[in-house]
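>>> Sequence and predicted structure, then a few things I'm wondering about:
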Amino acid sequence: MLHHHHHSSLSLSLSQMAFFNGMKIPFYLFLIASSIDLCLGVRHLASLYVPPPTLLTYHKGAILEGEIPISILWYGRFTNTQKSIVADFILSLSLPQQKGVSPTTPSISQWWETMNKYSEMAGKKKAQVILSVQTSDENYSLGKTLKRSQILELATKSGPRPVGVVLVLTDKDVAVEGFCMSGCGSHGSDSDKRWAFVWVGNSETQCPGQCAWPFHQPIYGPQSPPLVAPNDDVGLDGMIVNIAGLLAGTVTNPFGNGYFQGPEDAPLEAASACAGVYGKGAYPGYAGELLVDLNSGASYNAQGVNGRKCLLPALFDPSTSSCSTLV
């Protein structure tokens, strides 16, 4: 018997949001019936600014706690350099201050500490992320055009453990249903709600203006010059922003009854509640005040293992009910 859940994604009218900031913002809801999995947060990246909600309500359900193994399925072709960017980010999440990182530079693990506030408020253990197995599917076993339901199929195949999270990362040549049009990635779970998955696509050739801003010109709204990507890879640096935001949403709302605001099928979560904000003073088309690497000119706001620099989205801080930025 098939369990019917809904796939959902929240689509925003980008031009209206950019130009009519401050007015009531229309949310267009696309509900696509699916027979397999429940798709929760959808991450949008563009020159969008949504005033944050005043609170994210805890709906008394599960949030991920304790040691959380994260496995990665690389679907398609990724270089070793690209793989190491993501691996360094995951490894940095639960590590204390790194050697070789100047103590004044915010660390990736500092960014993750906001998650502890959610855990504490829910009476749960701290979420500690561990990098588990990585598998590659370089021959596109399900082809280069994927339905949303096939993301769950890929996640299942990669052998997730209970309570873990599977990251399904699709390369720049893979077209996933709804990619670009209704989001840059999403998260969901298996139908028995035992483990979660996050999917993010590489937007480099398909829609960098939507999914790799601020490293690419936005499609709509105020146009400012794009920032230099910290790892010199617009597609991958954009993926890190999406992975970070969706991972925060997955830990705090893995099965649809954790922390969120708004409708259950199109929730605002820990990161999506602060869309478009990366540093202090952010506004539509402007990511906020960031750190700049003097050698490369790249903009970033956090550093991790191996001196890895990246740009991470603001998170909604439940203790102050505001968007918290590292810089």
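Here it is on my side, so go on. Numbering: from 1, shown residues only.

>>> Kindly provide the distance from Phe316 to Gln217.
The gap separating Phe316 from Gln217 is 27 Å, by C-beta to C-beta, to the nearest Å. For every residue, glycine as well, the C-beta is placed using N, CA and C.

>>> oh, I was asking about Ser107
Separation of Ser107 from Gln217 (C-beta to C-beta) stands at 30 Å.

>>> For Tyr118, what are phi and psi?
Reported as degrees, to the nearest 10, the phi and psi values for Tyr118 are phi -70, psi -40.

>>> how close does the nearest residue to it once chain neighbours are set aside get to Ser272?
Beyond its immediate neighbours in the sequence, the residue positioned closest to Tyr118 (C-beta to C-beta, 6 or more residues apart in numbering) is Thr252, lying 4.8 Å away. The gap separating Thr252 from Ser272 is 11 Å, by C-beta to C-beta.

>>> Phe316 and Gln217 - which one has more neighbours?
Applying other C-beta atoms under 10 Å to Phe316 and Gln217 shows that Phe316 carries more neighbours, namely 28 against 14.

>>> and the helix or strand harbouring His187, which strands flank it?
His187 belongs to strand 185-189 when elements are defined using DSSP states H and E. Here strand 185-189 has these sheet partners by DSSP bridges: strand 38-42 (antiparallel), strand 196-201 (antiparallel).

>>> Let me see the residues that make contact with stretch 312-327.
The contact list for stretch 312-327 (C-beta atoms under 8 Å, 6 or more residues apart in numbering) reads 52-56, 106, 108, 110-111, 114-115, 117-118, 121, 240-241, 244-245, 248, 259, 269-271, 273-275, 277-280, 282, 288-291, 301-302.

>>> can you tell me the average pLDDT over it?
For stretch 312-327, the mean per-residue pLDDT is 94.

>>> List the buried residues for it?
In terms of neighbour count (16 or more other C-beta atoms under 10 Å), stretch 312-327 has its buried residues at Leu312, Pro313, Ala314, Leu315, Phe316, Asp317, Pro318, Cys323, Ser324, Thr325, Leu326.

>>> how long is that stretch end to end?
Using C-alpha to C-alpha, to the nearest Å, the end-to-end distance of stretch 312-327 comes to 10 Å.

>>> Off-centre distance for it?
Mean C-alpha position of stretch 312-327 versus that of the full chain (C-alpha atoms, centre = their mean, to the nearest Å) differs by 15 Å.

>>> The strands paired with strand 185-189: lowest mean pLDDT?
For the strands paired with strand 185-189, the weakest mean pLDDT is recorded on strand 38-42, namely a mean of 53.

>>> tell me the secondary structure for Val241?
Assigned with DSSP: H, G, I helix; E, B strand; the rest coil, Val241 falls in the helix class.

>>> Run a quick neighbour tally on it.
With neighbours defined by other C-beta under 10 Å, the count for Val241 comes to 25.

>>> pLDDT value on it, please?
Predicted confidence (pLDDT) for Val241: 97.

>>> Hmm, it is touching Ala302, no?
No: under the criterion of C-beta atoms under 8 Å, Val241 lies out of contact with Ala302, with a separation of 11.1 Å.

>>> Understood, closing this out.
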